[in-house]
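Asks: what follows is a predicted structure for the sequence shown.
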Number of protein chains: 2
Amino acid sequence: MSKSLPKRSEDYSLWYNELVKRAGLAENAAVRGCMVIKPYGYAIWEKMQQTLDGMFKRTGHQNAYFPLFVPKSLFEAEEKNAEGFAKECAVVTHYRLQTDPEKPGKLRVDPNARLEEELVVRPTSEAIIWSTYKNWIQSYRDLPLLINQWANVVRWEMRTRLFLRTAEFLWQEGHTAHATAEEALAETRQMLDVYAEFAEEWMALPVVKGVKSENERFAGAIETYCIEALMQDGKALQAGTSHFLGQNFAKAFDVQFQSKEGTLEHVWGTSWGVSTRLMGALVMAHSDDEGLVLPPKLAPIQVVIVPIYKTGQLDELLERIRPMQQGLLERGISVKVDDRDTERPGFKFAEWEMKGVPVRLAVGMRDLDAGTVEVARRDTKEKMNLPLADIVQSVDQLLQDIQTNIYSKALRYREQHTTRVTTYEEFKQVLDTTAGFVLAPWDGTPETEERIKEETKATIRCLALNEPDEDGVDMLTGKPSARYAYFARAY
Amino acid sequence: MSKSLPKRSEDYSLWYNELVKRAGLAENAAVRGCMVIKPYGYAIWEKMQQTLDGMFKRTGHQNAYFPLFVPKSLFEAEEKNAEGFAKECAVVTHYRLQTDPEKPGKLRVDPNARLEEELVVRPTSEAIIWSTYKNWIQSYRDLPLLINQWANVVRWEMRTRLFLRTAEFLWQEGHTAHATAEEALAETRQMLDVYAEFAEEWMALPVVKGVKSENERFAGAIETYCIEALMQDGKALQAGTSHFLGQNFAKAFDVQFQSKEGTLEHVWGTSWGVSTRLMGALVMAHSDDEGLVLPPKLAPIQVVIVPIYKTGQLDELLERIRPMQQGLLERGISVKVDDRDTERPGFKFAEWEMKGVPVRLAVGMRDLDAGTVEVARRDTKEKMNLPLADIVQSVDQLLQDIQTNIYSKALRYREQHTTRVTTYEEFKQVLDTTAGFVLAPWDGTPETEERIKEETKATIRCLALNEPDEDGVDMLTGKPSARYAYFARAY
């Protein structure tokens, strides 16, 4: 903890990388483009998982597990999906290594153990799952089929960044099948709402709900819904997607059902996912130059107690701290007493600041005698002396306040960084100054979007669901525009 | 549910396969040797995971996540480990597919996207983890390092069976590092005890704790501890292993630490794991010719309520059932009311029997009026009429009784199928009649073990920890034997 972090204002990208490593969230692995998620980072991910899993189950979904490998012939069945992922997939071609006859002690692939059919390491599981659904669905009675999977997936990205873009990442992928387009669309929207609720209520991350343009649509989907968040450098981050697949996969894998009326029809599908990318969003949205700022609801440690003592007094002090610790635990607050006798308080303060623990209590004998505790909140860095008598109640309230404050701050930032423009000049100027979301009239064509991307590196993040139709003039082509789109440079 | 299961006595293997499929636990996937874990099977696995995860955390372990891929150069670093797994590993050689110029609409590996170094899909993660530990461990203060990972692994098995042996499976793998051999050994034993406790208390599966012979030792370990259980066909099943790795991986990956005394030393390691194989053990240990028998502590549905009603009465009856349902839920008992109006009670009874729900309540208007409920327990198939007034208390007690009874039954079976022999004639005769565990004197050599395996298909399951040393004569070679070993034919 000796060296301070790079400053956000000086090098945001370096700040992020250093913070992820020094807070103990993750690090680059020995395998190109892959990461090791370290215990503290994984503990946050576990909280995310548990929360989302509960939300999925309450909306009627069940977990299952499908294979890691997709045989090439299944992978290529849905043409657009295959085309979208073929360029970045890991392919297993052999099932054995043997001693290398030319290099003693080394191994090589056994040329006699070549697979008849190559296996793709799943970049997403529509293909393997829809080939299974074919056997699970015969009648309308089998629908809706509401399944989720927690899994690892692999996409061979060339430029990777911890959490934000890694060759292997962890995620959940929901895959549902329905009797009608309406039901599938309702599911798509419902899961978008679940994601938005999770982002806002748990991650304290305000999001824009919207629909992707054709260029940014999931390969194989009819429509991709998304939640988009803004990071502190004014760049957008796609935090979750929910796809209406229409009958594309049902047709590719011949999944039909007998309707109530006795006709044979293809089923309608959805898929939706969030990944360890959310960890990146969480870090970038709230943290500061001293380290992580975690929303209390996702913090593995919500309160840290640092004893302040003279040599030889630690045991006695710990004894006196215990009732407070116990009281917090009983209230369902996760608390850690940093009883290390090898480090000074200042070192401990800096370490827990780096790790984003929302509330810190510094407790000495004199405080206890006086019936007070020194309380520091991580988000505002305020310090206050609070009465020991109702410290549990105060800390509980403080945690709620912090959760709300972090959200409000992020929302305020987004509001200050969302700009409506009508001309391309304004558009470019905003991108290069305040950045953030730029709402601009768009003629609805992929060509215009592509040109804007080439010229400004900004893409359409979404057409927001709550944005009304509005006649206008495309800022670039001058053609009629029916909607303002959310543009931004993005992760 | 129309067709009955094959009988255990007639074809145990077919009975098992059919049961796994028809109870909705798992099925074979479109990928050779892989399985799809279906929602009901996955729900049991989730309960296992949650329970074990809690036990690991209470013993001081933290979860983390390491990459799926192991670069070949890391894979081959620990020679014995590499040798043990090289013959059955999936190898990624390419990172892209392209349109096949000779077959329109088909894909092939892009010959220009060959990896410089092949990646092995992890069959186990010692290599990747120890290469990471090298950076995490410098001083005795960094020890012990107590990490667990929940993950998928791949071993290219040629003959696969649902849950018992699949190319991909789910598991947890603990990987710990310690300052001394004693500490590492204590950890190895502690985790063996955790596994045994889980097997016995939760799975209701009695196990023998022991040490593997050299032939059956984990590739790269100094000593492999294991828990061994007996299935209803008299075959043994290894249900979990805990390995003392000595300094093997520390030396292979150069993981050294500065001791308190200032010397530089290699650390001592352990690894330990259980997998979805436990699902197979659970099924085979307790189930019968009517279907699954699940221990209540792991049953996703502990109580099913089947309404017995005349046409038109269902809604009214469900209304009257609600307080009972609510009472069970409040007691922490998972309960499902089978309110399907499309199936008859007999069909429902058979279905929930197949799925192994421990307690079934059949409830009609007349019963409720009379203040009784018909209760059926899955394990003994007993039926009884119990007073409605204290049904929650009765069911709770019954669930505990069932848990105990299933364990006792399995223990009795094991006791009846554990035979002590002194001659090879007896040994072979027992194997071909009662089967089960055969305790026999062994001279301690791999050669003798290998010969016995070739001649009888029985292997040494373990040298039990609670079995005292005992002078004897090897049943095959006549050489001196210091210990009786547990032999069995095994899964």
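Replies: That came through, no problem. Just so we're clear, the structure is a prediction, and the values are computed from it rather than from any experiment.
Asks: ok, which stretches of the stretch 51-200 of chain A are helices?
Replies: A:72-75, A:79-86, A:126-136, A:181-197 (DSSP state H, counting those that start in this stretch).
Asks: which of these sits closest to chain B?
Replies: With Cβ to the nearest Cβ as the measure, helix A:79-86 is the member of the helices of the stretch 51-200 of chain A nearest chain B (4.1 Å). Bear in mind the C-beta positions are built from the backbone N, C-alpha and C, glycine included.
Asks: could you find the closest non-adjacent residue to the closest residue to chain B within the stretch 301-450 of chain A?
Replies: Of all residues in the stretch 301-450 of chain A, residue A:342 sits closest to chain B, at 7.6 Å by Cβ to the nearest Cβ. Nearest in space to residue A:342, with sequence neighbours left out and distances taken as Cβ to Cβ, 6 or more residues apart in numbering or on different chains, is residue B:141 at 7.6 Å.
Asks: burial count for that neighbour?
Replies: Using other Cβ atoms under 10 Å in any protein chain shown, residue B:141 has 12 other residues around it.
Asks: again with residue A:464
Replies: By the other Cβ under 10 Å criterion, the neighbourhood of residue A:464 contains 18 residues.
Asks: bridging residues for it?
Replies: residue A:210 (DSSP bridges).
Asks: residues in contact with it?
Replies: Remark: with contacts taken as Cβ atoms under 8 Å, 6 or more residues apart in numbering or on different chains, residue A:464 is in contact with A:208-210, A:486.
Asks: Throw the residues you listed into CSV and include distance to residue B:91 and pLDDT, thanks.
Replies: Below are those laid out as CSV (distance: Cβ to Cβ, whole Å; pLDDT from 0 to 100):
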residue, distance to residue B:91, pLDDT
A:208, 43, 98
A:209, 43, 98
A:210, 42, 98
A:486, 44, 98
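Asks: what's the closest of these to chain B?
Replies: So of the contacts of residue A:464, ranked by how close each gets to chain B (Cβ to the nearest Cβ), first place is residue A:209, at 28.8 Å.
Asks: spell out which parts of the stretch 101-250 of chain A neighbour chain B.
Replies: Applying Cβ under 8 Å from any Cβ of the partner chain, we find that the stretch 101-250 of chain A lies next to chain B at A:105-107, A:109, A:118-121, A:128, A:131-132, A:135, A:141, A:147, A:151-152, A:154, A:156, A:168, A:170.
Asks: only whichever of these are buried, select them in ChimeraX.
Replies: One line in ChimeraX is enough to select the buried members of those, burial here meaning 16 or more other Cβ atoms under 10 Å in any protein chain shown:
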select /A:107,109,118,119,120,121,128,131,132,147,151,152,154,156,168,170
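Asks: how close does the residue positioned nearest the centre of chain A sit to residue A:152?
Replies: When Cα atoms, centre = their mean is applied to chain A, the residue found nearest the centroid is residue A:278 (1.6 Å). Look at residue A:278 and residue A:152: by Cβ to Cβ, to the nearest Å, they are 15 Å apart.
Asks: over to residue A:79?
Replies: Relative to residue A:152, residue A:79 is positioned 25 Å away (criterion: Cβ to Cβ).
Asks: what's the single longest helix in chain A?
Replies: Using DSSP state H, we find that the single longest helix of chain A is helix A:391-416.
Asks: mind checking what helix or strand follows it in sequence?
Replies: The element immediately downstream of helix A:391-416 (helix or strand, assigned by DSSP states H and E) is strand A:418-420.
Asks: partner strands of that following strand and their direction?
Replies: Paired strands of strand A:418-420, with direction, are strand A:437-442 (parallel) (DSSP bridges).
Asks: same question for the helix or strand just after the partner strand, mean pLDDT?
Replies: Next along the chain after strand A:437-442, taking DSSP H and E as the criterion, comes helix A:446-456. The average pLDDT within helix A:446-456 is 97.
Asks: ok, what's across the strand from the nearest residue to residue A:185 once chain neighbours are set aside?
Replies: Across the structure, with Cβ to Cβ, 6+ apart as the measure, the residue nearest residue A:185 apart from its sequence neighbours is residue A:244 (5.6 Å). According to DSSP bridges, the partner residues bridging residue A:244 are residue A:223, residue A:270.
Asks: surely residue A:244 and residue A:220 touch.
Replies: No - with contact taken as Cβ atoms under 8 Å, residue A:244 and residue A:220 are classed as non-touching, separated by 10.9 Å.
Asks: and residue A:266, how far is that from residue B:309?
Replies: As it turns out, when the distance is counted by Cβ to Cβ, residue A:266 lies 37 Å from residue B:309.
Asks: typo on my end, it should be residue A:393
Replies: With the distance defined as Cβ to Cβ, residue A:393 ends up 51 Å from residue B:309.
Asks: neighbour count winner among the two?
Replies: residue B:309 (17 against 13).
Asks: phi first, then psi, for that one.
Replies: For residue B:309, the backbone dihedrals (degrees, to the nearest 10) come out as phi -150, psi 160.
Asks: distance of it from chain A?
Replies: Relative to chain A, residue B:309 is positioned 21 Å away (Cβ to the nearest Cβ, to the nearest Å).
Asks: can you tell me the helix or strand for the closest residue to that residue other than its chain neighbours?
Replies: Of all residues not flanking residue B:309 in the chain, residue B:317 sits nearest, at 4.8 Å (Cβ to Cβ, 6+ apart). Here residue B:317, judged by DSSP H and E, is contained in helix B:314-330.
Asks: which parts of the helix or strand just after that helix are buried?
Replies: Stepping forward along the backbone from helix B:314-330, the first helix or strand reached (DSSP H and E) is strand B:335-337. Neighbour counts using 16+ other Cβ under 10 Å place B:335, B:337 of strand B:335-337 among the buried residues.
Asks: okay, buried residues for the next helix or strand after strand B:335-337 please.
Replies: Past strand B:335-337, heading to the C-terminal end, the next element that is a helix or strand (DSSP H and E) is helix B:345-354. Applying a neighbour-count criterion of 16+ other Cβ under 10 Å, the buried positions in helix B:345-354 are B:348-354.
Asks: now tabulate the residues you listed in a markdown table and tack on pLDDT and distance to chain A.
Replies: Formatted as a markdown table, these follow (pLDDT from 0 to 100; distance: Cβ to the nearest Cβ, whole Å):
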| residue | pLDDT | distance to chain A |
| --- | --- | --- |
| B:348 | 98 | 15 |
| B:349 | 98 | 20 |
| B:350 | 97 | 18 |
| B:351 | 97 | 14 |
| B:352 | 98 | 17 |
| B:353 | 98 | 21 |
| B:354 | 98 | 17 |
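Asks: how long is stretch A:324-337 end to end?
Replies: Counting by Cα to Cα, to the nearest Å, the length from the leading to the trailing residue of stretch A:324-337 is 11 Å.
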